[in-house]
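Colleague: 3D, please:
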Amino acid sequence: MQKVNLSFPDLIIFIPRVFKDHRGYFIESFNEIIQKSTGFTFVQDNESCSHKNVLRGLHFQVPPKEQGKLVRVVKGRIFDVVVDLRKSSPTYGKFHAELLSEENRHILWIPPGFAHGFLALENNTLVQYKITAPYHRDSERCILWNDPDLAIPWPIHDPILSEKDSKGILFRNFQSPF
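Modeller: Numbering: from 1, shown residues only. Predicted coordinates for the structure are as follows:
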């Protein structure tokens with residue numbers, strides 16, 4: 001497993017080794033390298049399946065129920081975006097985008113203190129993620145996906161959204177507890 005530290009503090013891409021033969025392939029999608037690198041214990045695995053052009057996010061949970069996420073794509077491709085919400089971070093209020101796919105098999109570690117969202121680029125895109133704290137409805141928040149101050153270059157202008165995601169708050173109105 002290769003570990004790549006990104007330009008945002010604590011944001012990491014893990015690139016698993018792929019073992020291919022005439023039967024298909026094998027990868028380790030999680031191991032102790034990831035566990036030790038993140039410093040967190042994962043308590044739950046989640047999975048979502050999305051149609052092409054579905055955008056989910058930008059989601060996060062506030063303390064004390066904040067979540068870290070370890071995200072990977074099993075099938076399809078996503079344009080994955082995180083926004084740093086940590087006031088003391090040099091990248092506070094900035095976004096990082098990454099293409100995650102079944103082809104590149106990259107695994108993205110998103111520590112607590114980031115908003116997270118993704119756009120499915122193919123039908124039946126299957127995303128799996130491990131989380132460090134269970135879902136807690138009262139702690140969940142959402143930043144508006146197309147916030148003009150964040151200026152995220154989503155590769156679509158009219159995505160399929162949930163009602164909740166279409167009513168996210170503007171970053172300028174967000175008071176960070178991180």
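
Colleague: can you pull the buried residues of stretch 44-53?
Modeller: Residues of stretch 44-53 classed as buried under the neighbour-count rule (16 or more other CB atoms under 10 Å) are 50, 52-53. In short, each C-beta sits where N, CA and C put it, glycine included.

Colleague: Provide the count of other residues in contact range of residue 75.
Modeller: 14 (other CB atoms under 10 Å).

Colleague: about what we covered before: take the buried residues of stretch 44-53 and keep only those in strands.
Modeller: residue 50 (DSSP state E).

Colleague: Nearest to residue 89 among the buried residues of stretch 44-53?
Modeller: Minimum distance to residue 89 across these is 29.0 Å, recorded for residue 50 (CB to CB).

Colleague: OK, contacts around that closest one?
Modeller: When contacts are counted by CB atoms under 8 Å, 6 or more residues apart in numbering, residue 50 is found next to 56, 76, 120, 124-125, 127.

Colleague: Now the terminal residues of stretch 86-102, how far apart.
Modeller: 30 Å (CA to CA, to the nearest Å).

Colleague: and residue 171, what are its phi and psi?
Modeller: Backbone torsions of residue 171, given as degrees, to the nearest 10, read phi -60, psi -40.

Colleague: What of residue 144?
Modeller: Torsion angles, degrees, to the nearest 10, at residue 144: phi -60, psi 130.

Colleague: residue contacts, it?
Modeller: So, once contact is read as CB under 8 Å, 6+ apart, residue 144 ends up touching 58, 167-171.

Colleague: Could you grab the helix/strand/coil label for the residue nearest to the spatial centre of the chain?
Modeller: Centrality entry for the chain: nearest residue to the mean C-alpha point is residue 116, 4.6 Å, by CA atoms, centre = their mean. On the three-state scheme (DSSP: H, G, I helix; E, B strand; the rest coil), residue 116 is labelled strand.

Colleague: before we move on, what about residue 34?
Modeller: Going by three-state DSSP: residue 34 is helix.

Colleague: Can you tell me, leaving aside adjacent residues, what's nearest to it?
Modeller: residue 14 (5.7 Å; CB to CB, 6 or more residues apart in numbering).

Colleague: Pull out the buried residues from the one helix or strand the one you found maps to.
Modeller: Element membership of residue 14, judged by DSSP states H and E, is strand 12-15. Going by neighbour count (16+ other CB under 10 Å), the buried part of strand 12-15 is 12-14.

Colleague: same check, this time on stretch 78-94
Modeller: Applying 16+ other CB under 10 Å to stretch 78-94 flags 78-86, 89, 91, 93 as buried.
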